[in-house]
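Undergrad: This is a predicted model, with the sequence first.
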Amino acid sequence: MGNAAATPRKPSPVTVHDVELVNLLWQLKQQYQQRSGNCVPLTMLLNDPDYRLSVLQAAADADEPGLAALAAEIAALLEARQTPPRPTPPSAPPSQPARRRLPWWLGASALACLILLAGLALLGPRQAAEETASVAAAAATGPQKKPLPAQLPPPALRLHGSNTIGEQLAPALVEGILRARGYTDIRLVPGTTSTDKTVYAFAQDDLPEIAVEIHAHGSSTAFQGLMAGSADLGMASRPILDREVTALQPQLGNLTAVGSEHVIALDGLAVIVHPSNPVHSLSTRQVAQLFSGQIANWNSLGGPELPVTVYARDDQSGTFETFKSLVLKPHGAQLTPSAHRIESSSELSDRVAQDPGAIGFIGLPYVRRAKVLAINESEQALAIVPTHFTVATEDYPLSRRLYFTCQPSRPIRWPSS
């Protein structure tokens with residue numbers, strides 16, 4: 001519609017004190033989601049300039065005047081903000097006394113807290129934790145950082161299991177607990193693999209140094225770790241299986257009893273494809289046919305003449321177990337042997353976003369640059385896009401719960417001063 005020229009060349013990150021811009025981006029998210037059927041994470045609109053630019057471009061080129069006008073308004077604000085203001089000539093005194101301005105960091109910090117508190121009410125539990133971690137990490141960043149010790153202390157707490165929880169949510173939760181206890185210098189230390197990490201807090205005042213181990217290799221490893229005594233807390237993106245309850249009961253007791261299995265968040269399995277794929281919605285039966293290889297080309301669903309490439313989480317993954325129970329088993333299907341199996345949710349999402357024929361499934365917060373499909377339980381039902389609202393109400397067909405599991409008779413104790 002001729003509005004593409006208004007799109008900024010390279011927008012910079014949106015800071016939280018740009019209240020007008022944040023409000024406009026929220027409107028863009030809502031309108032674009034409704035029109036396209038794609039999930040548009042607000043955090044990515046705010047923090048990822050390249051992603052924001054792509055959404056603005058798509059909205060500017062849309063056949064909807066209101067959406068294009070909104071994109072043009074946002075683009076103009078971004079351009080204006082990138083232009084540095086001209087300094088006031090010293091010979092021209094102001095007509096009235098200038099207001100004393102707060103230091104930029106103080107104003108930004110105060111507004112960050114306000115926006116964060118509002119976000120915690122609007123976002124799903126896991127994304128709220130991610131927002132908390134982002135703000136906390138930014139606040140902890142200073143001009144000087146103490147070097148990490150040559151050897152970290154033995155972990156005070158060991159969390160093993162789900163990659164969906166362990167990749168981002170668990171580190172954010174641990175950091176929040178440590179900050180609540182008074183720690184201020186907290187680091188996320190990478191492990192030997194991309195799914196292993198340690199949250200480390202430096203000793204300060206009367207608080208000892210502390211390390212918390214997080215190994216995120218799939219929900220099955222939560223119960224393996226509890227059985228072996230190598231984990232204190234299991235992270236699972238599915239309920240414990242009957243066979244796991246039976247195997248663990250002689251050693252750990254009934255892990256389905258009150259006090260053992262704790263729901264910590266709601267999540268949705270997002271079915272994702274390449275951004276250029278014109279397919280917007282699928283039934284669970286069609287999803288099962290795609291992942292089992294029964295549908296091998298996108299042209300069978302009104303898409304391009306393109307072979308379907310299947311990406312799936314690994315066998316240890318609770319995400320895969322949930323996908324099997326919600327999608328494959330109800331339709332008598334099995335995952336195609338040609339599927340690319342990937343341990344990391346983030347890596348799987350990136351692979352799908354780079355492959356025009358791809359389809360995959362991940363937890364909703366890991367969508368990144370892929371396109372999310374609306375899902376219905378039958379071709380006659382309304383297809384529902386996974387959003388934080390539809391997941392929280394569990395209206396989305398592929399909603400699920402996330403769990404922490406522990407042994408009630410062995411309470412978790414943090415080191416005391």
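TA: Okay, I see it.

Undergrad: Buried residues, stretch 226-246. List them.
TA: Of the residues in stretch 226-246, those buried under the neighbour-count criterion (16 or more other Cβ atoms under 10 Å) are 226, 231-240, 244-245. Quick note: C-beta positions are derived from backbone N, CA and C, even for glycine.

Undergrad: Let me see the mean pLDDT of it.
TA: Mean pLDDT, computed over stretch 226-246, is 92.

Undergrad: swap in stretch 63-76?
TA: So the average pLDDT for stretch 63-76 ends up being 87.

Undergrad: quick one: buried residues of that stretch?
TA: Burial within stretch 63-76, assessed by neighbour count using 16+ other Cβ under 10 Å, is assigned to 67, 68, 70, 71, 72, 73, 74, 75.

Undergrad: same question, stretch 380-395
TA: Buried, per 16+ other Cβ under 10 Å, within stretch 380-395: 383, 384, 385, 386, 387, 388, 390, 391, 392.

Undergrad: tally of neighbours for residue 247?
TA: Neighbours of residue 247 under the rule other Cβ atoms under 10 Å: 14.

Undergrad: give me the element the closest residue to it other than its chain neighbours is part of.
TA: Nearest residue to residue 247, sequence neighbours excluded (Cβ to Cβ, 6 or more residues apart in numbering): residue 227, at 7.0 Å. Taking DSSP states H and E as the definition, one finds residue 227 inside helix 220-228.

Undergrad: Identify each of the strands in the stretch 251-400 of the chain and give its residue range.
TA: Along the stretch 251-400 of the chain, counting by DSSP state E, counting those that start in this stretch, strands occupy 261-273, 281-283, 309-313, 340-342, 358-363, 371-372, 374-376, 399-405.

Undergrad: Show me how this protein divides into domains.
TA: Following automatic domain parsing, the chain resolves into domains at 4-79, 148-266, 267-401.

Undergrad: returning to that earlier point: with mean neighbour count and distance to residue 42 added, can I get the strands of the stretch 251-400 of the chain in TSV?
TA: As requested, the strands of the stretch 251-400 of the chain are exported to TSV (neighbours: other Cβ atoms under 10 Å; distance: least, Cβ to Cβ, whole Å):
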stretch	mean neighbour count	distance to residue 42
strand 261-273	23	16
strand 281-283	19	22
strand 309-313	22	26
strand 340-342	17	26
strand 358-363	27	17
strand 371-372	23	14
strand 374-376	21	19
strand 399-405	22	20
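
Undergrad: Report the contact partners of the closest residue in space to residue 334 that isn't next to it in sequence.
TA: Excluding the flanking residues, the one nearest residue 334 by Cβ to Cβ, 6+ apart is residue 292, at 5.9 Å. The contact partners of residue 292, taken as Cβ atoms under 8 Å, 6 or more residues apart in numbering, are 328, 333, 334, 335, 336.
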